[in-house]
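Chemist: Here's a sequence, model it:
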Amino acid sequence: MSFVTCDLCDDNADIVSVVTGFNWFSFGGRSAFGGEIVTVKCFEDNSQVKAHLGTDGKGKVLVVDGGGSLRNALIGDMIAENAVKNGWEGVIIYGACRDVDALGTLDLGVVTLGCVPIKSVRRDEGQLNIDIHFGGVTFRPGEYVYADNNGIITAPKALL
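Modeler: Residues are numbered from 1 along each chain as shown. Modelled structure (predicted):
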């Protein structure tokens, strides 16, 4: 998938929304990725992140509302490797990741607010496929998200 979010914004200014207010970091091996939105809302518990990335993700991006916490990583190398095996395009986490050197070797987009070496707690908590909101944007399951080094945008329909 080859695109630049700047061009997608220029060509679709009437329908795109731009995530603002944060400095995002790209840790995955893919610097540009996009696809259909699948959501998880959780706080310092990656049980549902792990479960979702263990399913078929062809053409999809998991968007995680981790409450902006940088205290516990919601994805690391093992979960990310599983996401690659299951065909996910990428993961966007309003929270933290870990194992950043390993993440950079994987064919997966991983964009987060930062990294921390502390693993997630596991309480089997979290909500799946609900509307989530951060960065001035509502992420709706079934809509589309695109991310690259310029930023993150959403659209109600596929742009590519």
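
Chemist: Could you point out the longest helix of the chain?
Modeler: Counting by DSSP state H, the longest helix found in the chain is helix 77-85.

Chemist: averaged over its residues, what pLDDT does that helix have?
Modeler: When pLDDT is averaged over helix 77-85, the result is 98.

Chemist: That one packs against which elements?
Modeler: Here helix 77-85 touches helix 47-53, helix 100-103, going by 3 or more Cβ pairs under 8 Å, 6 or more residues apart in numbering; DSSP states H and E. (Glycine included, C-beta is placed from N, CA and C.)

Chemist: Including mean pLDDT and distance to residue 160, could the ones you listed go into a markdown table?
Modeler: Listed next are the helices and strands packed on helix 77-85 as a markdown table, based on pLDDT from 0 to 100; distance: least, Cβ to Cβ, whole Å:
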| stretch | mean pLDDT | distance to residue 160 |
| --- | --- | --- |
| helix 47-53 | 97 | 22 |
| helix 100-103 | 98 | 24 |
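
Chemist: Check the offset of whichever helix or strand comes after the longest helix of the chain from the chain's centre.
Modeler: Counting by DSSP states H and E, the next helix or strand C-terminal to helix 77-85 is strand 90-97. Between the centre of strand 90-97 and the centre of its chain there are 5 Å (Cα atoms, centre = their mean, to the nearest Å).

Chemist: Likewise for stretch 80-91?
Modeler: 11 Å.

Chemist: what about residue 91, how many neighbours?
Modeler: Each residue near residue 91 was counted by other Cβ atoms under 10 Å, and the total is 32.

Chemist: ok, now how distant is it from residue 20?
Modeler: 20 Å (Cβ to Cβ, to the nearest Å).
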